[in-house]
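Student: Sequence below, structure please.
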Amino acid sequence: MDGRDRGAGGQSTQPIVNGIRYVGLTPQPYPLGTFSNELESTNPDTFVSRYLFVSHVLLGHAGYDMEAEINDVVARLKMYRTFLNTSLFYSDGVYLRFDDLGDACDGVAIFQNEGFQIRHIDSYDFARAKTQDTMSINEFEGQIRLTVHVTPTDQYQPTFDLRDLAWLNQDITDFLMVSFGSVKTTVHVDTDQVAMLFTYRIEFHSVDAANRAVASINSYPRNDVHEAVTDMLFQNPYQWSTFSAAGWNGPRAPNSPHRHKVRYDDMGRMTSFPHQPPTPTGQNNSSHPAESHNRVRRDPILKGEDVRTTIMLRNIPNKLDWMALKTLLDRVCFGLYDFLYLRIDFKTCNNVGYAFINFVDLDGVIAMLDKVESRSWRGFKSNKFAEISYATIQGKDALIQKFRNSSVMAESPFCRPHLFLTYADAFKENQPRNTGTLQDFPQPDNWSKLQRSLNSARAVGLFPPSGIVNANIQRSMVSAYDRGTPRDLVHTMQTYRQNDSSDQGISQYERRQCEAWYATRLGLGRNSEVNFDEIPYGSVQQFLAMTRGPHHRAAHNLGPIGPPRTIQGFFNAQNPNYNPGMMVARPSVPRGHFRGAWPHGPAPY
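Tutor: Here you go, the predicted model:
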């Protein structure tokens, strides 16, 4: 019990426990601003959120050069551990979405210290920028409704008073922090004194921690006898167990932007009524033949004839990030998958429409058939339905071997494949509450293969560029010599370009510079410098290689190849090329820097 209010005569009126007034055991309404979605977004001094907008980069104001702005931001994402659970997209500026509220605050300090202008934005503005239905954003993300049942430890039933309630509040918070992650706020919102049921609204710093808490508690309810976290020397006459858990869903806060701003659907149209896209049932919109070998079919799985575990999920909206995809999977098949890779286009930072998922139990594949396949993507600008097929590479071990020596592990964390702890492995470790947590991705074991992959990425990027070395030009070259040999190179240098599409990535300034360089090197034409269109293809390549350097999508800052939540260099200490500058670092500004942003005293970091 925190204290008691005193009336005019000095008599106690309503007792207060953890900042909440009580009438008996019934809590009164809590102050507005207790939860992050209730903060006033128009007040930059107190408003914080999991969404950030970079309004000014080192090169100038945002919104003019997508590629340069993304590169500026991505370079920082590779340097700090704060950004391990972050996603990025571009829409007239770079937008960042964080899983953890504390990491979002750290991210603001990191970018501001390096000269960027960045600010927190609310979920409404984030949805508008992402062309999502503004109502599809969960305003209460990271918040859960937890109901617990309290019983006496023996036949003797003492009166449950506010002192016991204070113990219950603290014990619930301790249990959640030990089991799932940091808790920002715990508020008692309702009491059923007859059934001894107490309902709490709880906000985690991490959205993923909240999702895991709901799934884990519903699958494996908490029993006080087995998971008590209170010191056993304190013999409280009561014990508690979880009764139900769900994501918080209630009326929006009075200052919510969704109450006062016009609603937009996923097509960017203003609308006043909810629009639910059709969700077909029992319909297969697959583009592949009905008897395709890679088609996922229920009957062979149930009969045990098809035991493949790795699937490819297709027709994913390009703006959906890996954290949103994990949230979807946790609702459908929590604890049944151990590998997830959403492939990203490194130029735009959007996904390319498909993901690979490996399951440890075929019940997960069946769940995907029942609840995901042939369903629409609610809230996203897409008229496609989800499709599921088997992947070519099968099994977690094969997938790890494919990616551990790939340059994709040198990209930003949101571009990499991820490993997760399953129910089976968590129970083996006697840590069932760790189900669904990120696991370490194995280090490279073939350095020559890794180096080849990195060299290829530096030269042309992980996706072949559409500029001067596109596939059409390569196919149009006719040579009697083996590609790459000295004679072939001489022949190529003398070959004129036959496809103007090869020049689409070359500015007019670069063309004039190339003409001057070619004239200095080989002389003038009949009347003046040789026209750019008449310069041999190989000479243009040589000029661009000297002036541009490595390809603009090459991984100049390698970042850490390694698992999330692991502080280590790109190479191990035994490698002579080990560079301490490649270490993952925390921000230099302590989290205390942000405590002024919290409306109720220091943030509970």
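Student: okay, CA-based contacts and neighbour counts for the rest of this
Tutor: Fine.
Student: show me the contacts for residue 142.
Tutor: With contact taken as Cα atoms under 8 Å, 6 or more residues apart in numbering, residue 142 is in contact with 203-211.
Student: where does it fall, phi/psi-wise?
Tutor: Per-residue torsions, residue 142: phi 90, psi 0 (degrees, to the nearest 10).
Student: what about the helix or strand that residue 326 is a member of, average pLDDT?
Tutor: Using DSSP states H and E, the element containing residue 326 is helix 322-333. Here the mean pLDDT over helix 322-333 is 95, rounded to a whole number.
Student: Output the contacting helices and strands for that helix.
Tutor: If you count contacts as 3 or more Cα pairs under 8 Å, 6 or more residues apart in numbering; DSSP states H and E, helix 322-333 packs onto helix 207-219, helix 362-371.
Student: Just say which of the ones you listed is most tucked in.
Tutor: Mean neighbour count, computed with mean count of other Cα atoms under 10 Å, is highest for helix 207-219 among the helices and strands packed on helix 322-333, reaching a mean of 22.
Student: Which other helices and strands does it contact?
Tutor: Packed against helix 207-219 by the contact rule (3+ Cα pairs under 8 Å, 6+ apart) you find strand 143-152, strand 238-247, helix 322-333.
Student: Any idea how far that helix is from the middle of the chain?
Tutor: Taking Cα atoms, centre = their mean, to the nearest Å, one finds the center of helix 207-219 at 17 Å from the center of the full chain.
Student: Same question for stretch 446-455.
Tutor: Relative to the mean C-alpha coordinate of its chain, stretch 446-455 is positioned 27 Å out (Cα atoms, centre = their mean).
Student: Show me what counts as buried in stretch 326-345.
Tutor: Buried residues in stretch 326-345, counting neighbours by 16 or more other Cα atoms under 10 Å, are found at 326, 329-330, 332-344.
Student: quick one: buried residues of stretch 60-79?
Tutor: Using 16+ other Cα under 10 Å as the test for burial, stretch 60-79 gives 62-63, 66, 68-71, 73-79.
Student: And the furthest pair within these?
Tutor: Largest separation among the buried residues of stretch 60-79 by Cα to Cα: 63 and 79, giving 23.7 Å.
Student: before we move on, the earlier item: residue 452: which of the contacts of residue 142 is nearest?
Tutor: Taking Cα to Cα as the measure, residue 452 lies nearest residue 208 of the contacts of residue 142, at 35.6 Å.
Student: That closest one touches residue 325, doesn't it?
Tutor: No - under the criterion of Cα atoms under 8 Å, residue 208 makes no contact with residue 325, lying 11.3 Å away.
Student: Can you name the residues that contact the residue nearest the centre of the chain?
Tutor: Central residue of the chain (Cα atoms, centre = their mean): residue 323, 3.5 Å from the mean position. With contact set as Cα under 8 Å, 6+ apart, residue 323 has these partners: 85, 87, 99.
Student: do you know how far it is from residue 340?
Tutor: Distance from residue 323 to residue 340, counting by Cα to Cα, to the nearest Å: 10 Å.
Student: circling back to that earlier point, let me know the next secondary structure element after the helix holding residue 326.
Tutor: Heading towards the C-terminus - elements assigned by DSSP H and E - helix 322-333 is followed by strand 337-344.
Student: distance between that following strand and the chain's centre?
Tutor: Strand 337-344 sits 11 Å away from the centroid of its parent chain (Cα atoms, centre = their mean).
Student: And the average pLDDT for whichever helix or strand comes after it is what?
Tutor: Sequence-wise, the next helix or strand beyond strand 337-344 is strand 351-359, with elements assigned using DSSP H and E. Computed over strand 351-359, the mean pLDDT rounds to 94.
Student: Does anything pack onto strand 351-359? Which helices or strands?
Tutor: Based on contacts counted as 3+ Cα pairs under 8 Å, 6+ apart, the elements that strand 351-359 packs against are strand 310-314, strand 337-344.
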